[in-house]
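Participant: show me the folded form of this:
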Amino acid sequence: MDRGHISSPPESQPIRILVVDDSEDDAHLLYSALTARGGRIDYRRVDEAPAMAAAINVEDWDVIICDHRMPRFDSAGALEVLKQSGKDIPFIIYSGTISDRQAVSAMCCGVSDYIEKGNFDRLVPVIEREVRGALVRSAVRQADDRIKRLAYYDSLSDLPNHDLFCRRVQEHIQESRMRGKEACGALYFLDVDRFLRINSAFGYESGTAILKQLARRLAECAEQTAIVARLGTDQFGIFNPHVVGDCAASDFAQWVLKVFDVPFSEGNVDLFLTSSIGVALVPADGADVYELLTNAEAAMAAVKLVGGNGSRRYEPGVGITTADRLTLEGDLQRALGRKELSLHFQPIFDATDGKTVAVEALPCWAHPALGLFGRDSLKTVTEQSGLAARLGEWVLRMACKQGQIWQDMGFNGLNVSVAVSPVHLVQPSLPAVVSEALGMTGFPPECLDLAFSGPVATGEGDRTDQVLRALKRLGVRVSIDDFGSRNLSVSHFRNLPIDSVRIDCAHFRRAGIAREDDAIVGALMALAKGLGVGATAKGLETQTQHRFLLESGCDRFQGDFLCQPLEADAVPTRLISETSRAARAVG
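Facilitator: Predicted structure coming up:
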């Protein structure tokens, strides 16, 4: 930089300087000197604390240049006014009456720099340096705010997501304990009855519009101190810290149910919906947020069993401990022992040539009375019954075995992806389980992709990191599932030994047609590229999504729109067909 000239911020905007000086002549001399050196300057002079505070609060400033000693004010008082405003504005002392010792002390207190009056050759580069630094800090804060928004707020409803809801409720409980008081309040778990009918009858776009209406109504009906969050597709959570006792809990639940008295409008159609609400009281029904959520959800499930459209407080014995649930869990345990489960495989396509480069192993269970249970249904049953780890080990072994069969058939480049339960991740034995599966089947570790969700994204500390690094030492690939659905701490992900991320369709359902979804996809892709890992879009539903994600730089695609899950015997047929088509295209 030329020390004799000053550069203005980008787009030729003038540098806005708040001059704190009791001399109008000195302020004008400063302005003239900076202007003569090429700077475009806007300035305002103040010489008292109230005037300075008002100027900072009302207007935006690039830099503050302050005299050290004035009749009614000084630099220390001016710095305190700036600190109280909470704004990040470079503060430069420009004076001829301050000693070096005082200047150093001031800089230790937060002053950006000290320049002797009249030394414009030094003042000019300092102003430019501090303005540039402030711009960089502002950009970093904006990026950080955007990341936090993605991490802690639901993009559809603009409400807090599951993670932020849990954090705030837990903070309320812990703060009460720290004050020596017993925490109180009520947690409500709300699920819209038969909401899938809306998506089936009117499409996902209509379902999304109705969920937005519902989110606004819930936020409006809840008290200002209540926490409202979207927990899942059509599930919402409310925590009211002022509810004490059964009567108050029931009254508030009925108040929330009134939200559904007015129809939801979609186009020219008025739709009447109902909901099921489960209630858990603090501390009677749970000592922490996770126990409260579990019990409130169990109470909600009990309402569903009798037709929905109501509320119920949690009682021991409802929900997941019903006879039907226990019977189903017993059936699944026996099915695992009898090898009655099977695997289907959904292709994952490369964005470059559209060929299948991997398949995801999806467990299925054909229940003799209740029909087919897919992966999502099995996940619900196993995580509630404690069978998640056992099912995961079975899927891992069978996937490796089938992968090796394909290797022996000549499909050496085909990777197999296996989703790993959060329950399994925190178990130190996981690397040994994976090593055993690879050893028993002979499947190459570099062809196995383990996809993790849950605790990886929220951080389980050293244990998670140790498990992942042990897996990487085995040579397997590691992916983060549901990227963007949980805590997006870039620094946390940067330290994890991961190869790729998988982005759920919830983040791009309206990509290419809705600006907010486009922005989310762009942010997630930028994060993935910044981490130096590949990105897979899973759950692809439309050509519009596919085209937009391709243009956004997505590396791989997966979803029923491209190919539904296949039985193991059908995978080689598809691979051979793709090779034949490619050969014909070249010929």
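Participant: show me what the strand ranked longest in the chain is packed against.
Facilitator: Ranked by number of residues, the top strand in the chain under DSSP state E is strand 356-367. Secondary-structure packing of strand 356-367 (3 or more Cβ pairs under 8 Å, 6 or more residues apart in numbering; DSSP states H and E): helix 323-337, strand 341-350, strand 371-373, helix 375-385, helix 388-408, strand 415-420, strand 556-558, helix 570-586. Placement of C-beta: from N, CA and C, glycine included.
Participant: now the first one: buried residues?
Facilitator: If you call a residue buried by 16 or more other Cβ atoms under 10 Å, then helix 323-337 has these buried ones: 325, 328-329, 331-333, 335-336.
Participant: which one of those is nearest to Trp394?
Facilitator: Trp394 lies nearest to Leu336 out of these, by Cβ to Cβ, at 6.2 Å.
Participant: point to the helix or strand of the protein where mean pLDDT is at its lowest.
Facilitator: helix 455-458 (a mean of 44; mean pLDDT, DSSP states H and E).
Participant: need the contact partners of the helix or strand following it.
Facilitator: With elements assigned by DSSP states H and E, the helix or strand that comes after helix 455-458 is helix 462-474. Identification of contacts with helix 462-474 by Cβ atoms under 8 Å, 6 or more residues apart in numbering yields 425-428, 430-431, 434-435, 438, 445, 450, 452, 455-456, 478, 495-498.
Participant: can you check stretch 20-40 too?
Facilitator: So stretch 20-40 is contacted by 4-8, 12-15, 17, 19, 41, 43, 45-47, 52, 64-67, 70-73, 75, 78, 94, 117, 120, 123-124, 127 (Cβ under 8 Å, 6+ apart).
Participant: for stretch 252-271, same thing?
Facilitator: If you take Cβ under 8 Å, 6+ apart as the criterion, stretch 252-271 is touched by 186, 188, 190, 198, 202, 206, 209-210, 213-214, 217-218, 221-222, 238, 240, 243, 272-275, 277, 279, 309-311.
Participant: report the buried members of those.
Facilitator: Counted by 16+ other Cβ under 10 Å, those give 186, 188, 190, 198, 202, 206, 209-210, 213-214, 217-218, 221-222, 238, 240, 243, 273, 275, 277, 279, 310-311 as buried.
Participant: so which of the residues you listed sit within helices?
Facilitator: 198, 202, 206, 209-210, 213-214, 217-218, 221 (DSSP state H).
Participant: and which of the residues you listed is nearest to Leu362?
Facilitator: Ile198 (26.2 Å).
Participant: quick one: the closest one and Glu205 touch, right?
Facilitator: No: using Cβ atoms under 8 Å, Ile198 makes no contact with Glu205, being 10.6 Å away.
Participant: what residues of stretch 546-564 count as buried?
Facilitator: Neighbour counts using 16+ other Cβ under 10 Å place 546, 548-549, 552, 554-559, 562-563 of stretch 546-564 among the buried residues.
Participant: how about stretch 123-136?
Facilitator: 123-128, 130-131, 134.
Participant: those residues into CSV, with extra columns for pLDDT, secondary structure and distance to Ser421?
Facilitator: Listed next are the buried residues of stretch 123-136 as CSV, based on pLDDT from 0 to 100; DSSP: H, G, I helix; E, B strand; the rest coil; distance: Cβ to Cβ, whole Å:
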residue, pLDDT, secondary structure, distance to Ser421
Leu123, 90, helix, 61
Val124, 90, helix, 61
Pro125, 90, helix, 57
Val126, 92, helix, 56
Ile127, 90, helix, 56
Glu128, 88, helix, 54
Glu130, 90, helix, 51
Val131, 89, helix, 51
Ala134, 89, helix, 46
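Participant: name the nearest of the residues you listed relative to Gln174.
Facilitator: Using Cβ to Cβ, these come closest to Gln174 at Ala134, 36.1 Å.
Participant: contacts only, for that closest one.
Facilitator: Shown in contact with Ala134 (Cβ under 8 Å, 6+ apart): 62-63, 88-90.
Participant: which among these count as buried?
Facilitator: Buried members of these, scored by 16+ other Cβ under 10 Å, are 62-63, 89-90.
Participant: Ala219 reaches Ala229, doesn't it?
Facilitator: No: Ala219 is not in contact with Ala229 according to Cβ under 8 Å; the separation is 10.0 Å.
Participant: so what sits against both of the two?
Facilitator: Contacts common to Ala219 and Ala229, judged by Cβ under 8 Å, 6+ apart, are Leu159.
Participant: comparing these two, which residue is more hemmed in?
Facilitator: More crowded of Ala219 and Ala229, by other Cβ atoms under 10 Å: Ala229, with 26 against 16.
Participant: give me the sheet partners of the one helix or strand that one maps to and which way each runs.
Facilitator: Secondary structure assigned from DSSP H and E places Ala229 in strand 227-230. Strand 227-230 pairs in its sheet with strand 235-240 (antiparallel), by DSSP bridges.
Participant: just how off-centre is the next helix or strand after the strand it pairs with within its chain?
Facilitator: Per DSSP H and E, strand 235-240 leads on to helix 246-257 as the next helix or strand towards the C-terminus. Computed by Cα atoms, centre = their mean, to the nearest Å, the chain-centroid distance of helix 246-257 equals 31 Å.
Participant: could you do stretch 292-311 as well?
Facilitator: 27 Å.
Participant: can you check stretch 542-559 too?
Facilitator: 20 Å.
Participant: export that stretch as PDB, just CAs?
Facilitator: This file holds the C-alpha atoms of stretch 542-559, laid out as PDB (Å, rounded to 0.1, in the frame of the first residue of the first chain):
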ATOM      1  CA  THR A 542     -37.600 -34.700  -8.900                       C
ATOM      2  CA  GLN A 543     -35.700 -33.800 -12.100                       C
ATOM      3  CA  THR A 544     -35.600 -30.200 -10.900                       C
ATOM      4  CA  GLN A 545     -33.800 -31.200  -7.700                       C
ATOM      5  CA  HIS A 546     -31.400 -33.300  -9.700                       C
ATOM      6  CA  ARG A 547     -30.600 -30.500 -12.200                       C
ATOM      7  CA  PHE A 548     -30.100 -27.900  -9.500                       C
ATOM      8  CA  LEU A 549     -27.900 -30.100  -7.300                       C
ATOM      9  CA  LEU A 550     -25.800 -31.000 -10.300                       C
ATOM     10  CA  GLU A 551     -25.300 -27.300 -11.100                       C
ATOM     11  CA  SER A 552     -24.400 -26.700  -7.400                       C
ATOM     12  CA  GLY A 553     -21.500 -29.100  -7.500                       C
ATOM     13  CA  CYS A 554     -23.000 -32.200  -5.900                       C
ATOM     14  CA  ASP A 555     -20.800 -35.300  -6.400                       C
ATOM     15  CA  ARG A 556     -23.300 -38.200  -6.100                       C
ATOM     16  CA  PHE A 557     -27.000 -38.800  -6.100                       C
ATOM     17  CA  GLN A 558     -29.300 -41.300  -4.500                       C
ATOM     18  CA  GLY A 559     -33.100 -41.700  -4.400                       C
END
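Participant: let me see the mean pLDDT of it.
Facilitator: Stretch 542-559 carries an average pLDDT of 90.
Participant: also stretch 356-363?
Facilitator: Mean pLDDT, computed over stretch 356-363, is 95.
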